[in-house]
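Asker: Sharing a sequence plus its predicted fold:
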Amino acid sequence: MTSTVGKPQNALRGGGVAPVLTAAFLWGTVGPAQILAESSASPVAIGGCRMLLGGLVLGLFTARRAGMLSLWQRPARWWTLVSILVTAAFQACFLEAVDRNGAALATAVTFGTVPVVSGVCGRVLGGERLSGVWACGTVCAVGGIALLLVPADGRPIDSAGVLLGMVAGASFGVYIAATGQLAQRGADTTAAAPTSVFGAGLLVLPWVLGHPGGLAEPRTLVLVGWLALGTTALGYLLFTWGVTRISGATVGTLSLAEPLVATVLGVLLLGERLGAPAVSGAVLLLGGLVLVSVPARRAGRPMESSSP
């Protein structure tokens, strides 16, 4: 992740906590929206359409020629490819996990994996210090995720869906690190988001063309519209703005707001019932988010990090 050394204080004064949290809240609607739509289309095909349309719209508003060229210069090109690959893996694995295990469970597994992977990547690649605040907040948040995974009413858990969720979470954690590495190498991270999303859509396009069933349904079109414009174009715009202003470890922990949103929406909109362990997990998860985000705002700067 980018170093805070040498950055003007006024550039950091706004911080990245609010935009990253807002993006996480938007992304928390993905699973519930997918289930609510009851589309017969393949989850991977829906994800491919989401990436193609969302990446295109995001690029129209944010990408500039100079920024696009900066992504393919020698210092940055490999991290650009990494970001495209992990974005494709995240989309395909996450939507399939939601289809197998439901919105709340799949989102919890996915984003319970993110802070560990992003924290380790930030430490290995960027020399970030994993502070005590981050550690405590992450322990609380991951503990909350574990409680959310306790089966309710004898509901079976699809083990393949759990594995897919973990792969999706690891992919997102690597994406956080890749975004930071691109910024550190002088690439335009504003152009990186649409490039990653649209490029990932192109990778999945063969699957979309081979499995088009259900994509023309009105409910599928509405679903793809929300996923592409609301959760992808707007979500990635906010995330990209905030991710280089706070440490990768903090970003990973703040992303745990997503399963909290998915759980609440699952209860309110989908009729999912929460037992006592799940309620306790939601409270613990929220506490972890507050613990990580409030100190960052008070300090007026990201958690301390250093150049590699």
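Answerer: Done, it's in.
Asker: Could you count how many residues lie near P43?
Answerer: Neighbour count of P43, defined by other Cβ atoms under 10 Å: 21. (Each C-beta comes from the backbone N, C-alpha and C, glycine too.)
Asker: in which helix or strand would I find the closest residue to it other than its chain neighbours?
Answerer: In space, and not counting its chain neighbours, P43 is closest to L95: 3.8 Å by Cβ to Cβ, 6 or more residues apart in numbering. Element membership for L95, per DSSP states H and E: helix 77-101.
Asker: Give me the buried positions along that helix.
Answerer: With burial defined by 16 or more other Cβ atoms under 10 Å, the residues of helix 77-101 counted as buried are 79-80, 82-101.
Asker: Contacts only, for the residue nearest to P212 when sequence neighbours are not counted.
Answerer: Nearest residue to P212, sequence neighbours excluded (Cβ to Cβ, 6+ apart): A45, at 6.9 Å. Residues counted as contacts of A45 (Cβ atoms under 8 Å, 6 or more residues apart in numbering) are 204, 207-208, 211-212, 214-215.
Asker: Identify the farthest-apart pair in the residues you listed.
Answerer: V204 and G214 (15.8 Å; Cβ to Cβ).
Asker: more crowded one of the two?
Answerer: V204 (22 against 14).
Asker: give me every residue that touches the closest residue to that one other than its chain neighbours.
Answerer: Among residues not flanking V204 along the chain, G48 sits closest, at 3.7 Å (Cβ to Cβ, 6+ apart). Listed by Cβ under 8 Å, 6+ apart, the contact partners of G48 are 91, 201, 204-205, 207-208.
Asker: Next, count neighbours for A282.
Answerer: Neighbours of A282 under the rule other Cβ under 10 Å: 22.
Asker: what residues are up against it?
Answerer: A282 neighbours (Cβ under 8 Å, 6+ apart): 144, 148, 260, 263-264, 274.
Asker: Next: L223.
Answerer: 33-34, 37, 39, 46.
Asker: Looking at those, which are in helices?
Answerer: Using DSSP state H, the subset of the contacts of L223 located in helices is 33-34, 37, 46.
Asker: what distance separates the helix or strand that contains A192 from the middle of the whole chain?
Answerer: Using DSSP H and E, A192 maps to helix 189-210. With Cα atoms, centre = their mean, to the nearest Å as the basis, helix 189-210 stands 15 Å off its chain's centre.
Asker: do the same with stretch 70-86
Answerer: 19 Å.
Asker: Can you give me the first-to-last residue distance of it?
Answerer: One end of stretch 70-86 to the other measures 20 Å (Cα to Cα, to the nearest Å).
Asker: Residues contacting that stretch, please?
Answerer: Residues outside stretch 70-86 that contact it (Cβ under 8 Å, 6+ apart) are 171-172, 174-175, 178-179, 181-182, 185-188, 191-192, 195-196, 199-200, 203.
Asker: Name the nearest residue to V167, sequence neighbours excluded.
Answerer: Nearest residue to V167, sequence neighbours excluded (Cβ to Cβ, 6+ apart): C93, at 4.7 Å.
Asker: give me every residue that touches the one you found.
Answerer: By Cβ under 8 Å, 6+ apart, the residues touching C93 are 164-165, 167-168, 171.
Asker: Now with 7 Å, please.
Answerer: 164, 167-168, 171 (Cβ atoms under 7 Å, 6 or more residues apart in numbering).
Asker: quick check, nearest of these to V283?
Answerer: A168 (24.9 Å).
Asker: Verify the stated contact: that closest one with L95.
Answerer: No: judged on Cβ atoms under 7 Å, A168 makes no contact with L95 at a distance of 8.7 Å.
Asker: Give me the distance between the residue nearest to P212 and F198.
Answerer: The spacing between A45 and F198, counted by Cβ to Cβ, to the nearest Å, is 16 Å.
Asker: Likewise for G288?
Answerer: 33 Å.
Asker: Which one's more surrounded, those two?
Answerer: Counted by other Cβ under 10 Å, G288 and F198 do not tie: G288 has more neighbours, with 27 against 22.
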